[in-house]
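Engineer: Predicted model and sequence follow; I will ask about them next.
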Amino acid sequence: AQSVSQHNHHVILSEAASLELGCNYSYGGTVNLFWYVQYPGQHLQLLLKYFSGDPLVKGIKGFEAEFIKSKFSFNLRKPSVQWSDTAEYFCAVNPTSGTYKYIFGTGTRLKVLA
Amino acid sequence: KAGVTQTPRYLIKTRGQQVTLSCSPISGHRSVSWYQQTPGQGLQFLFEYFSETQRNKGNFPGRFSGRQFSNSRSEMNVSTLELGDSALYLCASGETGAVGGYTFGSGTRLTVV
């Protein structure tokens, strides 16, 4: 079955620390990959997306993600986090074989200490 | 521009009742998707509509249904409510569908008692 794994459920960092959130998916075909973020009390927002080409994609607010096809991974990174990055982060996979849905990971709650 | 609007924000229903949730997408967006979010199962895909046609359906029982109108507004209906249907129901809209990225609404919190 298709699935998306986010192994870190809760992450606590101090401001200025570097961030890497893992995302692995199980699907044999071509996929489009996304990271969404949900700030406290707000709706889900698109952080970045990957379709093809350069496997390193840059998103908003200094976030980037790298697609490693051989590892079925799409990890999210930020060199230096801020208190305002406190949020829940969701990885999502869209299989390209005629589907119009996301398969979401279970999310990672990030807390950044000021 | 206005975001995705979901109404109502909160609902409390009794087991066995039915409920209809509404979603108004961003103007110009023809794709509307619905997701169920629960602490145990996370975000689960319900269905996706594009220009009034359902293109994809998730693994939910037939009690869950939806439709999309000519103005792209969408409704989802849950009949014969069960306690396990308590969840946050999210609507998302996009120009083309999942591949283009979605804008999500704030959701409708449904509590079944």
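Structural biologist: Looks like it came in fine.
Engineer: How about A:F34: which residues does it bridge to?
Structural biologist: A:K49, A:A92 (DSSP bridges).
Engineer: Which strands and helices lie in contact with the helix or strand where B:Y49 lies?
Structural biologist: Remark: B:Y49 resides in strand B:42-50, with elements defined by DSSP states H and E. Contact partners of strand B:42-50 among helices and strands, from 3 or more C-beta pairs under 8 Å, 6 or more residues apart in numbering or on different chains; DSSP states H and E: strand A:103-104, strand B:31-38, strand B:53-57, strand B:64-68, strand B:74-78. In this view, the C-beta of every residue, glycine as well, is placed from N, C-alpha and C.
Engineer: Neighbouring strands of it in the sheet, and parallel or not?
Structural biologist: strand B:31-38 (antiparallel), strand B:53-57 (antiparallel).
Engineer: who's in contact with residue 13?
Structural biologist: All of this is about chain A. The contact partners of A:L13, taken as C-beta atoms under 8 Å, 6 or more residues apart in numbering or on different chains, are A:L19, A:V81, A:L110, A:K111, A:V112, A:L113.
Engineer: Can you look at chain B instead?
Structural biologist: Counting by C-beta under 8 Å, 6+ apart, B:K13 makes contact with B:V19, B:L81, B:L110, B:T111, B:V112, B:V113.
Engineer: cool, and B:T53?
Structural biologist: When contacts are counted by C-beta under 8 Å, 6+ apart, B:T53 is found next to B:Q68.
Engineer: Could you point out the bridge partners of it in the sheet?
Structural biologist: Per DSSP bridges, residues listed as beta-bridge partners of B:T53: B:F50.
Engineer: Chain A contacts on chain B?
Structural biologist: For chain B, the residues in contact with chain A under the definition C-beta under 8 Å from any C-beta of the partner chain are B:3-4, B:31, B:33, B:35, B:42-45, B:48, B:50, B:55-56, B:58, B:90, B:92, B:97-99, B:101-107.
Engineer: among the residues you listed, which ones are buried?
Structural biologist: Neighbour-count burial (16 or more other C-beta atoms under 10 Å in any protein chain shown) applied to the residues of chain B next to chain A gives B:4, B:31, B:33, B:35, B:42-45, B:48, B:50, B:55-56, B:58, B:90, B:92, B:97-99, B:101-107.
Engineer: circling back: put the buried members of the contacts of A:L13 into a PyMOL selection.
Structural biologist: Applying 16+ other C-beta under 10 Å to these leaves a buried subset, and the PyMOL line that selects it is:
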select buried, chain A and resi 19+81+110+112
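Engineer: Strands - which of the contacts of A:L13 land there?
Structural biologist: Secondary structure defined by DSSP state E assigns A:L19, A:L110, A:K111, A:V112, A:L113 of the contacts of A:L13 to strands.
Engineer: Export these to JSON lines and append columns for pLDDT and distance to A:F34.
Structural biologist: Output for the ones in strands among the contacts of A:L13, formatted as JSON lines (pLDDT from 0 to 100; distance: C-beta to C-beta, whole Å):
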{"residue": "A:L19", "pLDDT": "97", "distance to A:F34": "17"}
{"residue": "A:L110", "pLDDT": "98", "distance to A:F34": "17"}
{"residue": "A:K111", "pLDDT": "98", "distance to A:F34": "22"}
{"residue": "A:V112", "pLDDT": "97", "distance to A:F34": "22"}
{"residue": "A:L113", "pLDDT": "96", "distance to A:F34": "27"}
